[in-house]
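can't give you the sequence, but here's the structure:
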Ligand SMILES: NC(=O)c1ccc[n+]([C@@H]2O[C@H](COP(=O)([O-])OP(=O)(O)OC[C@H]3O[C@@H](n4cnc5c(N)ncnc54)[C@H](OP(=O)(O)O)[C@@H]3O)[C@@H](O)[C@H]2O)c1
């Protein structure tokens, strides 16, 4: 059993989160993750939640669009049946028909209804889609804090320039931008290359790393012969699965030097050592348990350098 991880501050807020959270996109999503097609059940998701809580994980990330609200409903049910020390992060989706800041409060109230909670611990703008100005949504987020419906606010998929704009706009209302949630993994290094990671450090913003296992690829269970099912199989061409095998072999080798850590655990520890908070998705207790094994130890700087080099040698798939 892992010792309980120490919480780290969420941005400059007084909220403390575990150094690793759990992502819940697959909790109810049929199209991409195959929810409802027999691979995993609500009982599996509940077990993933409880295993995580028992290990001291308190950050759970959802969104109104995940499973068209099902993820929020499932997560809210698990949270209400357990304890109130969970940090629930959800997101507002800027659909094209939403263009007034008041639509944000309406969407948040509906998210809270599905969650069955009085307020969200972290409310995030899912994407910086035009045409609505960043300042409009930031005003909506500040309204949410003032109305007591959100304890803290963040953004997602924002570039460094958009993050600065968001931070300045919120600061004018006396509200802190606590996080930017972006894709970050050994197969997606953009946050390092575009300066996002440095900017987060400079501004005291937590970088929440989504798809930290590259949607399962970094677990090593998918190979050119056994690609991931469904849409993921189409997204990750056979060529990429061939290309990443040396990196997977390296993850195994490095893990072996840490009492048999799995590729997933090494890949997640790499994100943590970079200074970000990974939120791997987990469909069942085994996956959650495996991912929690990324906590309580650290890769050495030499191992980080070797992993960086192996990742640099790969072409990103975009
Ligand atoms: N803000 C955004 O725009 C955005 C976008 C994407 C994701 N997110 C958030 O980030 C979270 C995580 O990202 P993600 O779900 O895309 O990808 P991920 O965490 O990289 O991969 C999750 C998937 O990998 C497999 N897996 C996880 N742990 C495993 C283990 N230990 N052993 C074997 N397989 C394992 C599972 O799928 P299989 O078993 O089917 O392989 C799982 O659903 C999401 O749930 C969501 O909360 C946010």
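The structure has been received and is ready for your questions. These numbers come from a predicted model, not from an experiment. Numbers count the residues shown, from 1 in each chain.

What number of residues are in the vicinity of residue 233?
Using other Cβ atoms under 10 Å, residue 233 has 14 neighbouring residues. To be clear about C-beta, it is placed using only N, CA and C from the backbone, and glycine gets the same treatment.

Which strand or helix spans it?
Using DSSP states H and E, residue 233 maps to helix 230-235.

Can you give me the buried ones in the helix or strand following that helix?
Following helix 230-235 in sequence order, the next helix or strand is helix 238-243 (DSSP H and E). Buried residues in helix 238-243, counting neighbours by 16 or more other Cβ atoms under 10 Å, are found at 240, 241, 243.

Ok, stretch 148-166 next?
Buried residues in stretch 148-166, defined by neighbour count with 16+ other Cβ under 10 Å: 149-160, 163-166.

got the residues of the stretch 201-318 of the chain near the ligand?
Contacts of the stretch 201-318 of the chain with the ligand, taken as Cβ under 6 Å from any ligand atom, map to 210-216, 219, 221, 228, 264, 279-283, 287, 290-291.

Could you pick out the buried ones from those?
Buried members of these, scored by 16+ other Cβ under 10 Å, are 210-216, 219, 228, 264, 279-283, 287, 290-291.

Which residue ranges of the stretch 151-300 of the chain form strands?
For the stretch 151-300 of the chain, the strands defined by DSSP state E, counting those that start in this stretch cover 153-156, 177-183, 206-210, 277-278.

Not counting its own residues, what contacts the longest one?
Under the contact criterion Cβ atoms under 8 Å, 6 or more residues apart in numbering, strand 177-183 has outside partners 10-13, 15, 61, 122, 124, 152-158, 163, 166-167, 170-171, 190-191, 196, 200, 203, 205-211, 279.

Go through it and flag the buried ones.
Quick answer for strand 177-183 (16+ other Cβ under 10 Å): 177, 178, 179, 180, 181, 182, 183.

how far away is the fourth one from the ligand?
Residue 180 sits 10 Å away from the ligand, taking Cβ to the nearest ligand atom, to the nearest Å as the criterion.

Identify the bridge partners of that residue.
residue 155, residue 207 (DSSP bridges).
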